[in-house]
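A.B. asks: got a predicted structure plus its sequence, pasted below:
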Amino acid sequence: MRSLDLSVDIAGLSLKTPLILASGILGLSGRLLAKISRAEGVGAVTTKSIGLKPRDGYPNPTIILLPYGLINSMGLPNPGAEAFLKELDEAEDLSSPLIASFYGYSVDEIVETARIIAKHPRVSALELNVSCPHVSGVYELGFKPELVAEAVSKVKKIIDKPLFVKLSPNTHLIVDVARAAAEAGADGLTAINTVKALAIDTELFRPILSGVYGGLSGPALKPIALRCVYEIYKEVDIPIVGCGGVSNSLDVVEFILAGASAVALGSVIAFKGVGVFRELAEGLSSYLERKGFRSVREIVGLSHR
Ligand code: DHB
């Protein structure tokens, strides 16, 4: 059992631990998200991304398992913003903050979607996904600092909840996009989304995924994600949620030392189940105690000193 208090405050949210369920992992079901929010070690839960209108997503195959991670290409399936509100009505007894991930094909659509989902009392914060690696219109947004800034400042004018922006690693401009989001009023950054990837069927001579491209997640992503967090922390002064390839508690520690104030778990949940939150919280607590620290905050960005 862990004895240390792992609580963190990030972008106006109070989390019991710095461990967050990443977007897209356990869907949009209000009941399921509420259940996860009560699991030991969970600091917050993030929904699958929501758009203004319903989207079916792509036909199978949508996931490829690899020795070092997975590629997924679901195609942003979701019931649309209004239906999401009804879904959240089912989410009784959330015991950790719920972050609603959302996307849009244009600034106007982003603003409209934010307006709808932010009004639900169970939504504690929003996360703008400008980085889905294969849905055209959404993918390109994340490469354009001025468009991200416009979206952020317009959304911030109409919501009174914290706004995170989930950044794309598929651009050399990640720090510029991060800075633009921060200057426009974003409360936090999530770094990173998946890396655009491809797999080919050698018997059929064609791409395996029906969406052709997918997003690579899992252990292969960790050094890239860590580098992005480190670079952003140097230049941008708002809290960062580290995300990408975490599989054990020392991975969590690395992200925090690089500059993350919290860390999102994604693919590891598919491999190890929800019990991984408790395992990583205990490991983080033991690490802090072994090194003589009393809080997570004391080690945020420590590798830069
Ligand atoms: C999907 C969305 C993402 O943001 C991502 O990183 C990977 C896949 C999707 O819905 O297909």
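C.D. replies: Cool, the structure landed. In this text the structure is predicted, and so the values were computed from the model without any measurement.

A.B. asks: and the residue lying farthest from the centre of the chain, what element?
C.D. replies: Most distant residue from the mean C-alpha position of the chain: Glu203, 35.2 Å away (Cα atoms, centre = their mean). Using DSSP states H and E, Glu203 sits in no helix or strand.

A.B. asks: pLDDT score for it?
C.D. replies: As predicted, Glu203 sits at a pLDDT of 98.

A.B. asks: likewise for Met1?
C.D. replies: In this model, Met1 is scored at 55, pLDDT.

A.B. asks: mind listing what's buried along the helix ranked longest in the chain?
C.D. replies: In terms of residue count, the longest helix belonging to the chain (DSSP state H) is helix 276-291. Using 16 or more other Cβ atoms under 10 Å as the test for burial, helix 276-291 gives 276-285, 287-288. (Glycine included, C-beta is placed from N, CA and C.)

A.B. asks: just these now: which is nearest the ligand?
C.D. replies: Within the buried residues of helix 276-291, the smallest distance to the ligand is 19.5 Å, found for Val276 (Cβ to the nearest ligand atom).

A.B. asks: where does that closest one land on pLDDT?
C.D. replies: At Val276, pLDDT is 98.

A.B. asks: residue contacts, the closest residue to Ile200 other than its chain neighbours?
C.D. replies: Sequence neighbours aside, Pro207 is the residue nearest to Ile200 in space, at 5.7 Å (criterion: Cβ to Cβ, 6 or more residues apart in numbering). By Cβ atoms under 8 Å, 6 or more residues apart in numbering, the residues touching Pro207 are 198-201, 213.

A.B. asks: got TSV for the residues you listed, with secondary structure and distance to the ligand too?
C.D. replies: Below are the contacts of Pro207 laid out as TSV (DSSP: H, G, I helix; E, B strand; the rest coil; distance: Cβ to the nearest ligand atom, whole Å):
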residue	secondary structure	distance to the ligand
Leu198	strand	13
Ala199	coil	14
Ile200	strand	19
Asp201	strand	19
Tyr213	strand	9
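
A.B. asks: farthest-separated two in these?
C.D. replies: Using Cβ to Cβ, the two most remote members of the contacts of Pro207 are Asp201 and Tyr213, lying 14.5 Å apart.

A.B. asks: ok, the two, which is more surrounded?
C.D. replies: Tyr213 (18 against 11; other Cβ atoms under 10 Å).

A.B. asks: the closest residue to that one other than its chain neighbours and the ligand, how far apart?
C.D. replies: Distances taken as Cβ to Cβ, 6+ apart place His134 nearest to Tyr213, at 4.0 Å, with adjacent residues excluded. Distance of His134 to the ligand, given as Cβ to the nearest ligand atom, to the nearest Å: 6 Å.

A.B. asks: surely His134 is in contact with Gly211?
C.D. replies: Yes: under the criterion of Cβ atoms under 8 Å, His134 makes contact with Gly211 at 5.4 Å.

A.B. asks: tell me the phi and psi of the closest residue to Ile63 other than its chain neighbours?
C.D. replies: In this structure, Ile63 finds its nearest non-sequential neighbour in Asn72, 4.8 Å apart by Cβ to Cβ, 6+ apart. Dihedral pair for Asn72: phi -130, psi 150, per degrees, to the nearest 10.

A.B. asks: what does the stretch 151-300 of the chain have sitting close to the ligand?
C.D. replies: By Cβ under 6 Å from any ligand atom, the part of the stretch 151-300 of the chain that sits against the ligand consists of 193-194, 215.

A.B. asks: again, only using 8 Å
C.D. replies: Proximity of the stretch 151-300 of the chain to the ligand is confined to 166, 193-194, 211, 214-215, 217 under the rule Cβ under 8 Å from any ligand atom.

A.B. asks: so which residues of the stretch 151-300 of the chain form strands?
C.D. replies: 163-166, 188-191, 195-198, 200-201, 206-207, 213-217, 240-243, 262-265 (DSSP state E, counting those that start in this stretch).
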